[in-house]
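> Could you work out the structure for the sequence below:
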Amino acid sequence: MKTVWVTGASSGLGLHTALALRDDGWQVIAGARSFDGIDRGDGIRRLPLDVTDGESVRRFCEQAAKIAPPDALVQCAGMLVLGSCEETDPEEFRRVMDTNFMGMVRMNREVLPRMRETGGGKIVMFSSVNGLMGIPFQSAYTASKHAIEGYAECLAMEAKPFGIQVMLVEPGDHRSGSDRYRPRARAMTGKSPYAAAYEAGTARIHRDESGGSDPDRLGRIIARRLDRKRIPFRLRIGTLKESLAVYIHRFGGARLNAAVVRQYYCGKK
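From the prediction side, this is the model:
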């Protein structure tokens, strides 16, 4: 039986991915801050993990390795802060970057030597459509996902000689997650000069997420890809509308892209 380690598996896309991998026949060792290490006998071993804490990452990897070394690592831990660029505090940016990006850096530093020792493996990192284009009032999240995209390109080239493959998952909006991981920036109040656009934009974000794609389907797609001998470097999972937005961003020019995105989220050109 192949073994996969999954981070951020307590809720959202991480939970749905872990369940799909279990149902696909993988031995799943899952990590999240809320886990207590108790075996529930449901095919998923849950161990405590805080990806922002290097010591917690080390302990998780040591405990997981005693169960089974990883054939694959799937990294889903993430959060965002909703706020204007101007009014999102540097500490709020740091928290998002520390979870979304540096959390992956910490995990990879622990897992890569283990995969080199066993002769290979697969590393899956959750990016986002936001890793390809900006969205108003999601600057911290967007910055973290852009960082993951560039980092993954470097990692894929460096790890290839050791038989280690890398895959970026770029989801669009999915029905998952919790508002606990989507706080608004502390400075975003009714007195903000961005208040009207912020309320319109975040209402659109909420509608899109509430009516988003099926997270169970996303988990099954990832499981099918990991079953293959070769995995793609990029795997975008979303709607036709989201794919069109990426296409406009890539080929439509900066002015057209900004006009379309701002109109969609803020109702203004």
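> Just the strands from the stretch 51-200 of the chain, written as ranges.
The residue ranges that make up the strands of the stretch 51-200 of the chain, judged by DSSP state E, counting those that start in this stretch, are 72-75, 121-126, 164-171.
> among the ones you listed, which is nearest Thr142?
Proximity of those to Thr142 was assessed by Cβ to Cβ; the nearest stretch is strand 164-171, lying at 12.6 Å. Heads up, the C-betas are built off the backbone N, CA and C, glycines and all.
> now that closest one: mean pLDDT?
Average pLDDT, strand 164-171: 97.
> And the contacts of it?
For strand 164-171, the surrounding residues in contact (Cβ atoms under 8 Å, 6 or more residues apart in numbering) are 13, 112, 115-116, 120-129, 131-132, 148-149, 152, 155-156, 159, 213, 218, 222, 225, 230-238.
> And stretch 241-261, by the same measure?
Contacting residues not belonging to stretch 241-261 are listed as 129, 132-136, 172-173, 236, 269 [Cβ under 8 Å, 6+ apart].
> Report the buried members of those.
The neighbour-count test (16 or more other Cβ atoms under 10 Å) applied to the contacts of stretch 241-261 identifies 129, 132-136, 172-173, 236 as buried.
> now, the most widely separated pair of those residues?
Pairwise distances across those (Cβ to Cβ) peak at 21.2 Å, for the pair Pro136 and Arg236.
> contacting residues around Pro90?
When contacts are counted by Cβ under 8 Å, 6+ apart, Pro90 is found next to no other residue.
> roughly how far out does stretch 44-53 sit from the chain middle?
For stretch 44-53, the distance from its own C-alpha centre to the chain's C-alpha centre is 15 Å (Cα atoms, centre = their mean, to the nearest Å).
> can you tell which of the strands of the stretch 51-200 of the chain is closest to Val51?
The stretch from the strands of the stretch 51-200 of the chain with the least distance to Val51 (Cβ to Cβ) is strand 72-75; that distance is 8.0 Å.
> now the spatially most central residue of the chain, which residues is it bridged with?
For the chain, Phe126 is the residue whose C-alpha lies nearest the centre (Cα atoms, centre = their mean; 3.3 Å). Here Phe126 shows beta-bridge partners Val169, assigned using DSSP bridges.
> next one: phi and psi at the spatially most distant residue from the centre of the chain?
Most distant residue from the mean C-alpha position of the chain: Lys191, 32.1 Å away (Cα atoms, centre = their mean). As for Lys191, its main-chain torsions (degrees, to the nearest 10) stand at phi -90, psi -10.
> got the angle between the worst-scoring helix or strand of the chain on mean pLDDT and strand 164-171?
When the helices and strands of the chain are scored by mean pLDDT, DSSP states H and E, helix 240-251 comes last with a mean of 85. If you take axes from the mean of the first three to the mean of the last three Cα atoms, to 10 degrees, helix 240-251 sits at 110 degrees to strand 164-171.
> and the contacts of stretch 241-261 as a markdown table, adding distance to Ala258?
Conversion of these to a markdown table gives the following (distance: Cβ to Cβ, whole Å):
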| residue | distance to Ala258 |
| --- | --- |
| Val129 | 16 |
| Leu132 | 15 |
| Met133 | 10 |
| Gly134 | 9 |
| Ile135 | 11 |
| Pro136 | 10 |
| Gly172 | 20 |
| Asp173 | 20 |
| Arg236 | 22 |
| Lys269 | 9 |
